[in-house]
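Enquirer: Generate coordinates for the sequence data below:
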Amino acid sequence: MELRDRNGLTEREFLEQYRAGDYERPSVATDMVIFTVTDTAEDNYRKLPEKELRILLIQRGGHPFLGQWALPGGFVRPVETTEQAAQRELREETGVDNVYLEQLYTFSEPGRDPRTWVMSCSYMALIDSSQVQVEAGDDADNAAWFQVSYRLLRESKELLEDGFIKTRQYELRLVNGDDMLTAVVERKITSTDTAYATEYAIVSNEGLAFDHAKIIACAIERLRGKVEYTDIALHLMPKLFTLTELQQVYEVILDRELLKAAFRRKVAHLVEETDHYTENAGHRPSRLYRRSWERI
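Expert: Sure thing, here's the model as predicted:
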């Protein structure tokens with residue numbers, strides 16, 4: 001016997017008369033925070049080049065936010081999941097596939113897009129810069145890698161009867177040649193005996209489209225958090241690398257210097273040495289390492 005609802009309808013009868021258009025529905029998009037690490041130009045060939053953390057931005061070729069810089073992304077097609085849409089956008093913008101991809105957060109604040117109600121399912125990708133070929137999509141005038149800086153400006157803490165509210169404001173700075181984009185992003189943590197919540201808000205913004213400063217801030221904090229206890233940084237490395245290069249990558253992500261001995265103890269289980277050495281580097285050859293799949 002078929003089950004009937006309170007209106008006496010079977011599931012088949014209910015679906016036949018259901019009209020999705022009777023309900024307001026959001027559009028769904030994916031926005032990609034694509035990280036890579038590059039070498040800075042170095043005049044002295046005997047000196048190791050410094051590393052820079054960069055993200056890919058596209059310059060919008062149409063309204064809204066015409067001419068402003070934004071994260072790569074687009075609307076999810078009816079035949080794909082949000083993750084498939086993110087993978088498609090990644091291929092279209094960088095030409096790479098099969099890289100580290102992680103869902104960040106769903107940004108659903110009404111009014112975040114002036115066109116209509118748009119929810120963004122954001123993703124973070126990590127790629128080796130040597131494998132990338134950047135191309136602007138059909139709706140973009142330009143695509144470029146921007147150096148990332150994300151630093152604490154001020155913080156405060158308010159005690160509650162059963163917890164606290166901690167507020168931090170960060171300056172986000174993105175630089176590519178003469179183009180410099182800045183924003184101040186506030187992160188508020190409310191913690192009580194029964195609940196915990198994190199909120200992001202854009203205090204000021206110059207040059208970034210939509211609420212993308214908020215998405216970038218969320219991605220940087222996720223990356224910094226996970227680099228402390230996972231092997232996530234290795235997804236930014238080529239197949240072979242020196243321990244000094246790996247330490248530089250950790251340092252540009254965390255935005256602080258690390259003690260060499262302590263760092264090497266920390267990553268010892270993540271890497272294994274090879275019989276290869278650096279060549280034509282202008283200084284004494286260094287041993288090359290690779291990811292250790294057995295010990296991770």
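
Enquirer: could you pull out the strands for this protein?
Expert: All strands of the chain, identified by DSSP state E, fall at 27-39, 51-60, 69-70, 73-75, 100-107, 118-126, 140-160, 163-176, 179-192, 196-206, 271-277, 287-291.

Enquirer: Buried deepest among the ones you listed, which one?
Expert: Greatest average neighbour count among those goes to strand 118-126 (a mean of 23), per mean count of other CB atoms under 10 Å. The C-beta positions use only the backbone N, C-alpha and C, and glycine is treated the same way.

Enquirer: residues in contact with that strand?
Expert: 26-36, 71, 73, 76, 82-83, 86, 90, 99-108, 112, 215, 218-219, 222-223, 232, 235-236 (CB atoms under 8 Å, 6 or more residues apart in numbering).

Enquirer: Can you check the pLDDT for Val132?
Expert: On the pLDDT scale, Val132 is placed at 69.

Enquirer: The longest helix along the chain packs against which elements?
Expert: Ordering each helix of the chain by length in residues (DSSP state H) puts helix 212-227 first. For helix 212-227, the packing partners by 3 or more CB pairs under 8 Å, 6 or more residues apart in numbering; DSSP states H and E come out as strand 27-39, strand 100-107, strand 118-126, strand 140-160, strand 163-176, strand 179-192, strand 196-206, helix 243-254.

Enquirer: got the ones you listed as TSV, with distance to Arg264 and mean pLDDT columns?
Expert: As requested, those are exported to TSV (distance: least, CB to CB, whole Å; pLDDT from 0 to 100):
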stretch	distance to Arg264	mean pLDDT
strand 27-39	19	94
strand 100-107	23	96
strand 118-126	22	96
strand 140-160	26	92
strand 163-176	30	97
strand 179-192	32	97
strand 196-206	33	96
helix 243-254	6	96
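
Enquirer: picking that back up, what's the average pLDDT for the longest helix of the chain?
Expert: Averaged across helix 212-227, pLDDT comes to 97.

Enquirer: Could you pull out the buried residues of that helix?
Expert: By 16 or more other CB atoms under 10 Å, the buried positions in helix 212-227 come out as 212-223, 227.

Enquirer: Over to stretch 236-245?
Expert: So stretch 236-245, judged by 16+ other CB under 10 Å, has buried residues Leu236, Met237, Phe241, Thr242, Leu243, Glu245.

Enquirer: Let me have these in CSV, extended by distance to Glu155.
Expert: CSV is the format used below for the buried residues of stretch 236-245 (distance: CB to CB, whole Å):
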residue, distance to Glu155
Leu236, 28
Met237, 32
Phe241, 35
Thr242, 36
Leu243, 34
Glu245, 33
